[in-house]
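Visitor: structure, please.
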Amino acid sequence: MIELIPAIDLIEGKCVRLTQGDYDSKKIYNENPLEVAKMFEDYGLRRLHVVDLDGAREGRIVHYRVLERLATHTSLVIDFGGGLKSEDDLEIAFNSGARMVTGGSIAVKDPDNFVSWIKKYGSQKIILGADGKNGKIAIDGWQSTTEKELIPFIEYYHRQGIQKVICTDINRDGMLQGPAIDLYRAIREALPEIYLIASGGIGSVDDIEALEAAGIPAVIFGKAIYEGRIQLKDLVRFADETNKSNE
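Guide: Purely as a prediction, here's the structure:
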């Protein structure tokens, strides 16, 4: 059963969504992220993906207080990303309640440092953020595209011990037009041992079912819920089956 991971993206402490990573496309959905997180929890979801978009732009953790509130007032297992550049940032994130952290830009700009995080904290706590645009890795809150090819980038870090990878197809993110299933299949074929978390483009329950049918272990989604394209009540059966399998 595919693992469901709802997302909360933060700008100025508010729950927002962007389209294709464009900060100018920001839409505020709720000024109280804790209210949103509790709603997810009420429907049986156990995971939460939190992205500090201000941190991603500034290159440092910004919304650790929001993270702390989410972790303190819910039982959700939170992974946190956005702006994590130093071990101090990681310590702040973990001390604020994150169970896992996601590194994307740091894995491109300072690979030695990122590998040291994997060695120190372990593959269950460090997630690789592999965000792709036209097959190339994008960084800095998706403001810059590198020349690094997506799959070889993931392969390198798998050799360094990474097990969990969040892969976002930026061209599809926020578009609600379906996920990049062919891309995820290609990654799974190249690296079947990876716990691949698909992100970007989810617009319906059918999209989640298609990813599950393709053998993708987990999926992140957000805008489809906020826009009413997915009803949380329709996800209860996924959450129930996932929770049973984890017991």
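
Visitor: now the closest residue to Leu76 other than its chain neighbours: how far from Pro111?
Guide: Counting by CB to CB, 6 or more residues apart in numbering, Leu76 lies nearest to Leu48, which is 4.2 Å off, once chain neighbours are set aside. C-beta: built from backbone N, CA, C; applies to glycine. Using CB to CB, to the nearest Å, we find Leu48 at a distance of 28 Å from Pro111.

Visitor: before we move on, the earlier item: which ones are touching the residue nearest to Leu76?
Guide: Ile5, Pro6, Ala7, Ile8, Ala37, Phe40, Leu70, Thr74, Leu76, Val77, Ile78, Asp79 (CB atoms under 8 Å, 6 or more residues apart in numbering).

Visitor: can you pull the contacts of the fourth one?
Guide: Under the criterion of CB under 8 Å, 6+ apart, the contact partners of Ile8 comprise Cys15, Pro33, Val36, Ala37, Leu48, His49, Val50, Val51, Leu70, Gly222.

Visitor: farthest pair in those?
Guide: Maximum pairwise distance among the contacts of Ile8 (CB to CB): 14.3 Å, between Leu70 and Gly222.

Visitor: the residue nearest to Leu76 pairs with what?
Guide: Ile78 (DSSP bridges).

Visitor: spell out the secondary structure type for Ser75.
Guide: Per DSSP: H, G, I helix; E, B strand; the rest coil, the secondary structure class of Ser75 is coil.

Visitor: again, but for Asp9
Guide: Strictly by three-state DSSP, Asp9 counts as strand.

Visitor: assign Met175 to helix, strand or coil.
Guide: Assigned with three-state DSSP, Met175 falls in the coil class.

Visitor: burial of it, as a residue count?
Guide: 16 (other CB atoms under 10 Å).

Visitor: could you do the one 3 residues further on as well?
Guide: The local packing count at Gly178 equals 16, with neighbours defined by other CB under 10 Å.

Visitor: ramachandran angles for it?
Guide: Per-residue torsions, Gly178: phi 110, psi 150 (degrees, to the nearest 10).

Visitor: tell me which residues touch it, please.
Guide: Listed by CB under 8 Å, 6+ apart, the contact partners of Gly178 are Arg172, Gly201, Ile202, Gly203, Asp207, Ala210.

Visitor: residue boundaries of the strands in this protein?
Guide: Using DSSP state E, the strands of the chain run over 3-11, 14-19, 22-30, 47-52, 77-81, 100-103, 126-133, 136-139, 144-149, 164-169, 195-199, 218-221.

Visitor: before we move on, the earlier item: show the pLDDT at the residue nearest to Leu76.
Guide: Looking at Leu48, its pLDDT stands at 98.

Visitor: and what of Arg237?
Guide: According to the model, Arg237 carries a pLDDT of 83.

Visitor: do Ser245 as well
Guide: 56.

Visitor: ditto for Ile139
Guide: 78.

Visitor: what count of nearby residues applies to it?
Guide: 19.

Visitor: now for it: which residues touch it?
Guide: By CB under 8 Å, 6+ apart, the contact list for Ile139 reads Gly104, Ser105, Val108, Lys109, Asp131, Thr145, Thr146.

Visitor: again, but for Gly215
Guide: For Gly215, the contacting residues are Arg185, Arg188, by CB under 8 Å, 6+ apart.
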